[in-house]
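1. what's the 3D shape of this:
(one chain, ligands or ions: 1)
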Amino acid sequence: MPHLFDPLTLRTVTLRNRIAMPPMCQYSAHDGLANDWHLVHYGSRAAGGAGLIIVEATAVEARGRISPNDLGLWSDEQIAPLARVASFMRQYGAVPAIQLGHAGRKAGTARPWDGGHPLDDDAGGWAIVGPSALPFDEGYRTPAALSLEEIAAIQQAFVQSTLRADAAGFEMVEVHGAHGYLIHSFHSPLSNQREDRYGGSFENRIRFTLETVAAMRAVWPEDKPLAVRLSCTDWVEGGWTLEESVALAQQLKPLGVDLIDCSSGGGSPLARIPAGPSYQVPLAEAVRRGADIPAAAVGLITQAMQADEIVRNGRADIVLVGRELLRNPYWPQRAALDLHKPSQAPVPSQYLRAF
Ligand code: FNR
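-> Just a heads-up that it's a prediction; the model follows:
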């Protein structure tokens with residue numbers, strides 16, 4: 001029996017199936033505001049049957065955008081256009097979630113199709129910040145090391161954006177703690193060489209995350225789930241490890257975190273990533289077992305049988321399908337046919353005559 005179409009309840013929110021769209025930047029906003037592209041893009045995946053849709057990395061302050069065209073929730077005027085997107089997704093059966101993040105030392109870069117390189121001030125870039133004054137790579141700007149006051153201000157920005165995500169009608173927030181952006185850069189000794197309470201020991205390197213998540217949880221409604229995406233390993237000798245991710249997840253659970261979204265890498269250009277089908281599933285498995293917390297698996301999951309096996313064998317609770325959902329928004333409906341469960345296909349009434 002396939003289990004990909006089993007519902008899942010986190011707090012009071014029920015996902016119609018285990019298929020989710022992970023956050024994927026569209027680099028298509030102006031002044032951080034969502035527009036028709038976001039409505040059609042996210043709306044299509046809701047009509048296509050995903051149980052959960054996590055809106056792309058949304059910046060908690062303008063300085064924390066990956067590119068000038070990222071979405072933002074640093075001001076109240078950014079709520080209404082995102083509320084329209086969230087409402088549409090919900091109307092068509094998908095749980096609307098949003099990833100809140102700060103790009104840290106990887107902020108201020110061109111869109112991928114414009115080359116993805118760090119932008120100078122005169123090309124629309126800006127001064128960047130990080131735990132320590134260490135650039136991500138050659139050709140990148142050197143971030144200013146954050147002062148304690150600036151750390152507190154960014155934590156407040158996460159809290160304010162969390163309140164705005166609630167006001168916009170999102171039912172889950174995901175904290176972006178992956179891919180070398182600000183939170184992950186505090187975790188990794190490769191990017192965090194602070195000598196104060198935010199650097200050095202494991203306890204110090206995870207302090208920014210624990211404090212930020214606790215402050216967000218305090219304002220995020222009790223009945224709505226909160227997720228954290230982690231880069232579970234740097235894939236670099238001397239970097240952040242899977243064992244540390246499990247230990248961090250153990251500390252996040254009692255803070256009221258409901259799901260760990262298990263990604264990896266992005267923190268170092270030296271990473272050697274063993275990419276291949278389902279390659280990050282063992283990370284989710286380790287976190288799920290080691291911290292006894294629901295986990296999501298992501299990375300090169302493209303086939304219905306492959307996705308179902310992950311859920312059926314208890315390797316992860318949710319399967320995130322990224323680029324495959326960019327290629328085919330109706331992948332969840334196709335997956336139901338491939339698993340010989342046409343009656344479980346998540347189809348909007350308007351399309352029922354095709355099934
Ligand atoms: C991404 N990814 C990503 N991750 C994240 O945490 N926040 C984000 O905003 C983005 N943005 C983004 C944009 C695009 C165009 C791609 C392709 C990817 C990573 C993404 O969520 C996912 O982890 C990877 O794509 C791996 O999954 P797939 O695509 O192999 O299923």
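2. rest of the way, CA atoms for contacts and neighbours
-> Will do.
3. What residues of the lengthiest helix in the chain count as buried?
-> In the chain, ranked by residue count with DSSP state H as the criterion, the top helix is helix 148-167. Residues of helix 148-167 classed as buried under the neighbour-count rule (16 or more other CA atoms under 10 Å) are 151, 154-166.
4. what does stretch 75-88 give?
-> Neighbour-count burial for stretch 75-88, counted by 16+ other CA under 10 Å, picks out 75, 78-88.
5. Run the chain-centre distance for that stretch.
-> 18 Å (CA atoms, centre = their mean, to the nearest Å).
6. Dump it to PDB, restricted to CA.
-> Output in PDB follows, covering the C-alpha atoms of stretch 75-88 (Å, rounded to 0.1, in the frame of the first residue of the first chain):
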ATOM      1  CA  SER A  75       7.400  46.000   6.000                       C
ATOM      2  CA  ASP A  76       3.600  46.000   6.400                       C
ATOM      3  CA  GLU A  77       2.900  46.800   2.800                       C
ATOM      4  CA  GLN A  78       4.400  43.400   1.800                       C
ATOM      5  CA  ILE A  79       1.600  41.600   3.700                       C
ATOM      6  CA  ALA A  80      -1.300  42.100   1.300                       C
ATOM      7  CA  PRO A  81       0.200  40.800  -1.900                       C
ATOM      8  CA  LEU A  82       1.400  37.600  -0.100                       C
ATOM      9  CA  ALA A  83      -2.000  37.200   1.600                       C
ATOM     10  CA  ARG A  84      -3.500  36.900  -1.900                       C
ATOM     11  CA  VAL A  85      -1.100  34.100  -2.800                       C
ATOM     12  CA  ALA A  86      -1.600  32.300   0.500                       C
ATOM     13  CA  SER A  87      -5.300  32.500   0.300                       C
ATOM     14  CA  PHE A  88      -5.300  31.100  -3.300                       C
END
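7. So which of the buried residues of stretch 75-88 is the closest to the ligand?
-> Within the set of the buried residues of stretch 75-88, Leu82 lies nearest the ligand; the separation is 15.3 Å, counting by CA to the nearest ligand atom.
8. which secondary structure element contains that closest one?
-> Using DSSP states H and E, Leu82 maps to helix 79-91.
9. what packs against that helix?
-> Judged by 3 or more CA pairs under 8 Å, 6 or more residues apart in numbering; DSSP states H and E, helix 79-91 is in contact with helix 36-47, strand 95-101, helix 148-167.
10. ok, now with 7 Å
-> Other helices and strands packing on helix 79-91, by 3 or more CA pairs under 7 Å, 6 or more residues apart in numbering; DSSP states H and E, are helix 36-47, strand 95-101.
11. Does the longest one reach the ligand?
-> Translated: helix 36-47. No: Helix 36-47 stays clear of the ligand (CA under 6 Å from any ligand atom), getting no nearer than 12.2 Å.
12. Kindly report the same for the last one.
-> No: interface with the ligand: strand 95-101 contributes nothing (CA under 6 Å from any ligand atom), its closest point being 7.0 Å away.
13. The helix or strand just after that strand: how far from the chain's middle?
-> Sequence order places strand 129-130 as the next helix or strand after strand 95-101, per DSSP H and E. Mean-position distance between strand 129-130 and its chain equals 20 Å (CA atoms, centre = their mean).
14. how distant is the following helix or strand past strand 129-130 from the center of its chain?
-> The helix or strand immediately downstream of strand 129-130 is strand 144-145, counting by DSSP H and E. Strand 144-145 has its C-alpha centroid displaced from the chain centroid by 25 Å (CA atoms, centre = their mean).
15. Could you list every helix and strand that strand 144-145 packs against?
-> strand 129-130.
16. Identify the residues contacting the strand it packs on?
-> With CA atoms under 7 Å, 6 or more residues apart in numbering as the contact definition, strand 129-130 has outside contacts at 104-105, 143-146, 182.
17. which two of these lie the greatest distance from each other?
-> Largest separation among these by CA to CA: Ala144 and Leu182, giving 12.3 Å.
18. With neighbour numbers in mind, choose between the two.
-> Comparing Ala144 with Leu182 by other CA atoms under 10 Å, the one with more neighbours is Leu182, at 26 against 17.
19. Understood, closing this out.
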